[in-house]
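**Q** Okay, sequence plus prediction incoming.
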Amino acid sequence: MKDKLFKKGLNRRHFLAGSAIAAGLTQLPAPLLASPKKGGTFRVSVNQGGTSDTLNPAEANGSQQIMVGWALRNNLTEIGPDNKLRAELATDWQSDDAATWIFQLRQGVTFHNGKTLGAEDVIASLNLHRGEDSTSGAKSLLAAVTEISAEGNSAVRITLSAPNADFPFILSDYHFQIMPVGADGTVDTSGVGTGGYTLKEWNPGIKTVLSRNPDYWKENAAYFDEVEVLLISDSAAATTALVTGEIDAIQSAEYRTLSQLERSNHVSIESISGGFHPTFAMQTGMAPYNNRDVRLALKYGIDREAMVKRVLRGHGIVANDHPVAPTMPYFDPDLEQRTYDPDKARYHLSKAGLESLDVSLSVSDSLFAGAVDAVTLYREQALSGGIGIEVVREPNDGYWSDVWLKKPFFTSSWGARPVPDMIFSTAYAAKADWNETQFNNEQFEQLMVAARSELDESKRARMYADMQLILRDEGGAVIPFFRNFVYARRKNIERSPEVASNWSLDGYKAIERWWQA
Amino acid sequence: MYPLLFLVLQRLFLGALTLFVVSLVIFASIELLPGDVAEQILGQSATPETLAAFRTELGLDLPPHTRYLNWLNNLLAGDLGTSLISQTPITDLLSERLYNTFFLAGFAALISVPLALFLGILTALHRGSSLDKAVNVVSLAAISVPEFFVAYILVFIFSVELAWFPSIANLSSDASLLERLHRTFLPALTLTLIVTAHMMRMTRASIINLLALPYIEMARLKGATPTRTIVRHALPNAVAPIVTVVAINMAYLIVGVVIVEVVFVYPGLGQLLVDSVSKRDFTVVQAACLIFSATYILFNMISDLISVMSNPRLRHRK
């Protein structure tokens, strides 16, 4: 019993569950009993992407590209179903100073075209995102990389300009998929990879068909024989197709269709707590937001509980004006939660020498479902704190280029990051391109840099706790909530008890992690 | 037949001129939209450097009139160009979707045109009867509700409740004709409900108009049955207005079905166009719009030709 279970790649917790069943305690929930088996077709619908999507991971930015990319290819590291970093094409990595990293590559892995994985493939794949001419969306993530070189054929050395203890996490980003390099030194972005599926039909915007790679190196993965990824942008169409059994899983279930889905006997709804959050970002370099009391007034003027209840219909948790979600490492549970307090809002306004405050908050519907509702609700809540918020609805098109980072007070949204440093250095570091609040706090900067090279875990945790406190009290972002990923699957599709929360659909890896019952 | 040939040539020339103007208008509109391809692709992850690299790569740093003339030159040389974003040739991108669009339009037309003519003649024959009223009410109701609503109702009845037809098209490339017809039946039925009323009422109105004329009275007096009066005597003279309406509706079946495509996830040209506009993929937008405009121009020309040919006075003009 024990051997069999461990061979299937179950961890200790599942093993304990298994032995309890063996001992006759059969009241355990059914999912723990399921053991994955191969076969079947998995039809999954995604809602981000279009006909013009390419298979080049440097250009990937929607779920169609990410899910197909990860079915075809692997990264050096990945976020597992337990939300922890684990080895993928790298088996091991080490660094003495967090600035020079050596990644040992997995041996005996072959690409779909027969080529054996070597250091040159990793180097070329990562270099796609570097250099002057690179158009990669992940260019800034590798900005600190000064050199990538081979250490023999089975290891890669990556040198950073400054220490970063979280660097292996960065390599789990969906842009950094490993592709084979051709004889002429260029990377093959046509879909050849080391992943669990090979490309059978690539019809972006319509349907992508994948077949299982019989030589997949990863054990206990890629169970389906065939996978169809359909792009369905109309959520009603996706929901109906799921209910009628035309497809097996949908990337996103709308709150207003949840009751319809719940009535169906064939559908399971998932609501997974994650790190996706909107921000109401104030440009702290600009009046009146350069006044700390004005910022605090705006932070006390929002009723986060009501937001979660009414905008998210309960599918989320309140945030505390910093971007570290409880699902992330180094989240500080002891940091006191800020609550709705109109009196305190008035108090901070008067401290700032203001009788009342009138501001305009830009928002667009495309940011996330319910974005305009959230801002409208904020306006109502802030009124009793003496704050007048004018809701400015901006066009969906061009929001990121014309409104974001341009208006003094605007709504923005951020996907989950696996570690605090990735969101801090992207959106809160003084010199970051996307420092949307123009945040510039000396103590924060020092802690951020120090934490990157700190290898003592408890010291590091304390530093991140301090940074969460600074952002809560000094920062320019009002963060109302962390939104759950709400998606659904047919009941004949099984998943392991743990699902990743970095993206929807098991971290966008349902294709290789789920199976048919 | 010279006048006819002259008409065709004249129409073709005007059509080409129209296409040119359309392409100019589309180019100008895309230029007016906020953001460009580079910003749409990179979205939130755009930085000034990556944007600049992107624009140089795609030639977006050239002035607008240079870009338009380059595109026009290529077009006149018979090259629709490649998609700005995916770099695939536009002919590859369009061919399958164009086929799908024509397939759906053809399927819907095969149902709706005979149905509309039949109902139009039937209601003209039984003018004022309860059958006439019932057909009118039903067809007007179908045309009055938004098409996505018709689509959802059909999905609810035929997919969710009865499970006879799939709710999304999900065509595979090797599907047989029968399977294709089965999978596209609901979208075709939706379109039928939307276009039938217009054609049916025009048929009915034109025939009723003619029924008041003296030569129909003559036909009746000589003892022709009502059906023969209508089909043999009235209908040939009603061809011109009916063909015009049929042509407009046929063109609509090809260019106006975006919403039906979205609801049934049907991979036609409409979705591609919407997608490309939102991504500012100018070359694809141009190609799709030119196809749509050409469709309208062609159908109009054909309907005019049929009108002329159906009218001996125009056909044998001295």
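**A** Perfect, I can see it now.

**Q** pLDDT at the one residue in the stretch 351-500 of chain A that gets nearest to chain B, what is it?
**A** Using C-beta to the nearest C-beta, the single residue of the stretch 351-500 of chain A nearest to chain B is residue A:398, 3.4 Å away. C-betas here are computed from N, CA, C, even on glycine. The model reports residue A:398 with a pLDDT of 73.

**Q** With adjacent residues omitted, what lies nearest to it?
**A** residue B:34 (3.4 Å; C-beta to C-beta, 6 or more residues apart in numbering or on different chains).

**Q** from what I can see residue B:109 touches residue B:254, true?
**A** No. Using C-beta atoms under 8 Å, residue B:109 makes no contact with residue B:254, being 9.5 Å away.

**Q** related to what we said a few turns ago, just to be sure, the residue nearest to residue A:398 is in a helix?
**A** No. Residue B:34 sits outside any helix when classified using DSSP: H, G, I helix; E, B strand; the rest coil, being coil.

**Q** quick one: contacts for it?
**A** A:395, A:397-398, A:401-402 (C-beta atoms under 8 Å, 6 or more residues apart in numbering or on different chains).

**Q** Repeat the analysis, applying 6 Å as the threshold.
**A** A:397-398, A:402 (C-beta atoms under 6 Å, 6 or more residues apart in numbering or on different chains).

**Q** Inside strands: which ones of these?
**A** Secondary structure defined by DSSP state E assigns none of the contacts of residue B:34 to strands.

**Q** low-scoring stretches of the stretch 1-150 of chain B, by residue?
**A** The model of the stretch 1-150 of chain B has pLDDT under 70 over residues B:1, B:41, B:43-45.

**Q** mind running it again at 80?
**A** B:1-4, B:7, B:33-51, B:53-54, B:57-61, B:78, B:80, B:84-87 (pLDDT under 80).

**Q** tell me the helices in it, going along the chain?
**A** Listed in chain order, the helices of the stretch 1-150 of chain B (DSSP state H, counting those that start in this stretch) span B:2-32, B:37-42, B:48-58, B:64-76, B:90-125, B:130-144, B:147-155.

**Q** how about the nearest residue to the residue in the stretch 51-200 of chain B that chain A sits nearest to, chain neighbours excluded?
**A** Minimum separation of the stretch 51-200 of chain B from chain A (C-beta to the nearest C-beta) falls at residue B:85, amounting to 3.6 Å. Once flanking residues are discounted, residue B:85 sits nearest to residue A:52: 3.6 Å by C-beta to C-beta, 6+ apart.

**Q** What lies in contact with stretch A:485-494?
**A** Residues contacting stretch A:485-494 (C-beta under 6 Å, 6+ apart): A:34, A:248-253, A:261, A:266-272, A:274, A:315, A:504-505, A:514-515, A:517.

**Q** Quick one: buried ones out of the residues you listed?
**A** A:248-253, A:261, A:267-268, A:270-272, A:274, A:315, A:504-505, A:514-515 (16 or more other C-beta atoms under 10 Å in any protein chain shown).

**Q** Mark which of those are part of strands, please.
**A** Those of those lying in strands (DSSP E): A:249-250, A:267-268, A:270-272, A:274, A:515.

**Q** and the least confident of the residues you listed?
**A** Lowest pLDDT among those: residue A:274, 89.

**Q** interface residues of the stretch 101-250 of chain A facing chain B?
**A** Proximity of the stretch 101-250 of chain A to chain B (C-beta under 6 Å from any C-beta of the partner chain) is limited to residues A:133, A:135, A:137, A:139, A:206, A:232, A:234, A:237, A:240-241, A:244, A:246.

**Q** can you map out the strands along the stretch 251-400 of chain A?
**A** Ranges of strands within the stretch 251-400 of chain A are A:267-282, A:316-318, A:357-363, A:387-393, based on DSSP state E, counting those that start in this stretch.

**Q** For the shortest one, what is the distance to the chain centroid?
**A** Just to be clear, that refers to strand A:316-318. 16 Å (C-alpha atoms, centre = their mean, to the nearest Å).

**Q** Redo the strands of the stretch 251-400 of chain A as a markdown table? Include distance to residue B:281.
**A** As requested, the strands of the stretch 251-400 of chain A are exported to a markdown table (distance: least, C-beta to C-beta, whole Å):
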| stretch | distance to residue B:281 |
| --- | --- |
| strand A:267-282 | 28 |
| strand A:316-318 | 35 |
| strand A:357-363 | 27 |
| strand A:387-393 | 26 |
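
**Q** In CSV: those, plus distance to chain B.
**A** Shown next, in CSV, are the strands of the stretch 251-400 of chain A (distance: least, C-beta to the nearest C-beta, whole Å):
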stretch, distance to chain B
strand A:267-282, 12
strand A:316-318, 21
strand A:357-363, 14
strand A:387-393, 15
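
**Q** what comes up buried for the longest helix along chain A?
**A** Longest helix in chain A by number of residues (criterion: DSSP state H): helix A:457-474. Using 16+ other C-beta under 10 Å as the test for burial, helix A:457-474 gives A:460-472, A:474.

**Q** do stretch A:110-122 as well
**A** So, applying 16+ other C-beta under 10 Å, buried residues of stretch A:110-122: A:111-112, A:115, A:117-119, A:121-122.

**Q** which one is residue A:297 nearest to, not counting chain neighbours?
**A** residue A:348 (4.0 Å).

**Q** is it true that that neighbour touches residue A:293?
**A** Yes. Proximity of residue A:348 to residue A:293 meets the contact threshold set by C-beta atoms under 6 Å, at 4.2 Å.

**Q** So which of those two has more stuff around it?
**A** residue A:348 (25 against 17; other C-beta atoms under 10 Å in any protein chain shown).

**Q** quick one: contacts for the more buried one?
**A** A:293, A:296-297.

**Q** From residue A:300, how far off is it?
**A** 7 Å (C-beta to C-beta, to the nearest Å).

**Q** same thing with residue A:438?
**A** 21 Å.

**Q** neighbour count winner among those two?
**A** Per other C-beta under 10 Å, whichever of residue A:438 and residue A:300 has more neighbours is residue A:300, with 24 against 17.

**Q** what sits against the more buried one?
**A** A:341, A:344-345.

**Q** which one among those residues gets closest to residue A:406?
**A** residue A:345 (26.5 Å; C-beta to C-beta).
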